[in-house]
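Visitor: A structural model of the following input is requested.
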Amino acid sequence: MTARGLIIAAPRSGSGKTTITLGLQRALVRRGLIVRGLKCGPDYIDPAFHAAATGAPSANLDSFAMPEALLARIALNAADHADLVIAEGSMGLFDGVPGVEGHTGASADIAALLGWPVVLVIDVSGQAQSAAAIALGCMHYDPRIAIAGVILNKVASERHSRLVGQGMARIGLPVLGSLPREASLILPERHLGLVQAGETQDLHERLEALADAVSAAVDLDALVAVAGATTMAAPLVSAPALPAPGRRIAIARDAAFSFVYPHVEAGWRAAGAELAPFSPLADEPPPDGCDACWLPGGYPELHAGRLAGAARFLSGLRDFARTRPVHGECGGYMVLGKSLIDADGVGHAMAGLLGVETSFAKRKMNLGYRRAVLQADGPLGPAGASLTGHEFHYATIVAQGDDPPFAMVTDPHGSQAAPAGSRRGNVTGSFFHAIAVAM
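Guide: So this is what the prediction gives:
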């Protein structure tokens, strides 16, 4: 039987969705339920926290970048292996980009496609009954979705909770929980969001503390009761989100290279590919017997000195690239380049397989969905193939080099097609994170 699901969303970012989602997931696991987490939108970090909280894999759901068949496959796979799916929204519930209705990247799109009710998390600091007006607007803004209840966050006192509750009663929205202001519930952050799950000290102790707080403040029985059945049908055709770049793929995996979408790796494995992880930070070269190498994004700027001194890794990577394809996304692209300047302004020589030079000394945020048209045959498809994905980085390019572009990219806001990334011989790379083949 397919599990029921719900989406934890909020009117805006910074409301406490992630900490409350993790607390709910761990609290319900402690009750003996099999819980699966999912994340709306392009986010690498939160699914790893979901996996830690539930003890089961998590994945992303993206209504802009993913075709509906892929969305259905990911959601139904989670639901088929769980008693309950708790998905976490991104940004504000209705925040998306210009696009066809239902395919804007908004969390509301996922709720509508899957038929899962929404539980709103509202940060009520600085307001009382007025929070109900915000909730009422969310209830009526999009008739495709149902708001099943609200969890109040950052409540100052019992009196504050009663006042907010009076407003919610007036609009007929159940209050499923009320969490007090508590700084210890905040998880550590860095410039791309939370510090990664694998780097968070005392992660399971933190998750237990979140579960304790949520168990004390939220009516878990009522929350489980509002979850809804999945209404999206199973896809008739199953295909990987991205073509596998090889039959045995050497994939960098450590604190510097960790941004890989779970659905991408799962799709490669389902297509028969084998993934062979290796650690550049441990000075490991790509493993023998692989026919492609993948350098994911991550935080190479935090480890630039170690990477520059990893002689076995760099020489092995260069040797690999002489005969087999190597692709780098974002951080991986920077490591494939000529040099990387860290936040202190110190330059570090990288692999030199591409001519690009990047810097964190002058930071500039680059964020948003992209559609990329490949300019040559390569590991992600033939020339002319179109991919959907996104960029999210703070690095700047100080010198592009003479390499031709990897792709021409546009954004959903009507931008002119612009060259992106680099290619040279068997090596390709760009700041573009691929999510799926465009439909």
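
Visitor: For the stretch 1-150 of the chain, which segments count as strands?
Guide: Per DSSP state E, counting those that start in this stretch, the stretch 1-150 of the chain carries strands over the ranges 4-9, 35-40, 59-61, 84-88, 118-123, 147-155.

Visitor: Counting by contacts, list what the third one packs against.
Guide: It stands for strand 59-61. strand 35-40, helix 68-80, helix 262-270 (3 or more Cβ pairs under 8 Å, 6 or more residues apart in numbering; DSSP states H and E). Any C-beta I mention is one placed from the backbone N, CA and C, and that applies to glycine too.

Visitor: change it to 10 Å
Guide: strand 35-40, helix 45-54, helix 68-80, strand 84-88, helix 107-114, helix 262-270 (3 or more Cβ pairs under 10 Å, 6 or more residues apart in numbering; DSSP states H and E).

Visitor: So what touches that strand?
Guide: Contacts to strand 59-61, defined as Cβ atoms under 10 Å, 6 or more residues apart in numbering, come from residues 7, 36-44, 46-47, 50-51, 66, 70-75, 77-78, 87-90, 107, 109-110, 113-114, 261-266, 435.

Visitor: now with 7 Å?
Guide: Residues from elsewhere that reach strand 59-61 (Cβ atoms under 7 Å, 6 or more residues apart in numbering): 38-43, 47, 71, 74-75, 78, 87, 110, 261-263.

Visitor: How far away from the center of its chain is it?
Guide: Between the centre of strand 59-61 and the centre of its chain there are 7 Å (Cα atoms, centre = their mean, to the nearest Å).

Visitor: Can you list the strands that that strand pairs with?
Guide: Using DSSP bridges, the strands paired with strand 59-61 are strand 35-40 (parallel).

Visitor: cool, the longest one as well?
Guide: Strand 147-155 has its sheet partners listed here by DSSP bridges as strand 118-123 (parallel), strand 175-180 (parallel).

Visitor: Show me the strands in the stretch 201-350 of the chain, by range?
Guide: So, for the stretch 201-350 of the chain - with DSSP E, counting those that start in this stretch - the strands run 248-252, 274-278, 292-295, 326-329, 339-341, 347-349.

Visitor: highest average neighbour count across the strands paired with strand 147-155?
Guide: Counting by mean count of other Cβ atoms under 10 Å, strand 118-123 has the highest mean neighbour count of the strands paired with strand 147-155, with a mean of 26.

Visitor: Now do that one, average pLDDT.
Guide: Regarding strand 118-123, the rounded mean pLDDT is 98.

Visitor: what's in contact with it?
Guide: In contact with strand 118-123 (Cβ under 7 Å, 6+ apart) are residues 6-11, 15-17, 20, 93, 111, 131, 134-135, 138, 145-154, 176, 223, 226.

Visitor: same deal with stretch 166-179?
Guide: In contact with stretch 166-179 (Cβ under 7 Å, 6+ apart) are residues 20, 119, 128-129, 131-132, 135-136, 139, 147, 149-153, 155, 161, 165, 213, 217-219, 222-223.

Visitor: Same check on stretch 33-42?
Guide: 7, 25, 28-29, 46-47, 50, 53-54, 56, 58-62, 65, 75, 78, 81-90, 105, 107, 110, 390, 435.

Visitor: Turn the strands of the stretch 1-150 of the chain into CSV, columns for distance to residue 311.
Guide: Formatted as CSV, the strands of the stretch 1-150 of the chain follow (distance: least, Cβ to Cβ, whole Å):
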stretch, distance to residue 311
strand 4-9, 46
strand 35-40, 37
strand 59-61, 36
strand 84-88, 41
strand 118-123, 49
strand 147-155, 49
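
Visitor: out of these, which comes closest to residue 330?
Guide: Nearest to residue 330 among the strands of the stretch 1-150 of the chain is strand 59-61; the distance by Cβ to Cβ comes to 15.9 Å.

Visitor: follow-up on the earlier one: which one of the strands of the stretch 201-350 of the chain is the most hemmed in?
Guide: For these, where neighbours mean mean count of other Cβ under 10 Å, the stretch averaging the most is strand 326-329, with a mean of 28.

Visitor: about what we covered before: I'd like the strands of the stretch 201-350 of the chain written out as a markdown table, with mean pLDDT and distance to residue 418 added.
Guide: Formatted as a markdown table, the strands of the stretch 201-350 of the chain follow (pLDDT from 0 to 100; distance: least, Cβ to Cβ, whole Å):
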| stretch | mean pLDDT | distance to residue 418 |
| --- | --- | --- |
| strand 248-252 | 98 | 27 |
| strand 274-278 | 98 | 32 |
| strand 292-295 | 98 | 23 |
| strand 326-329 | 98 | 18 |
| strand 339-341 | 96 | 23 |
| strand 347-349 | 97 | 26 |
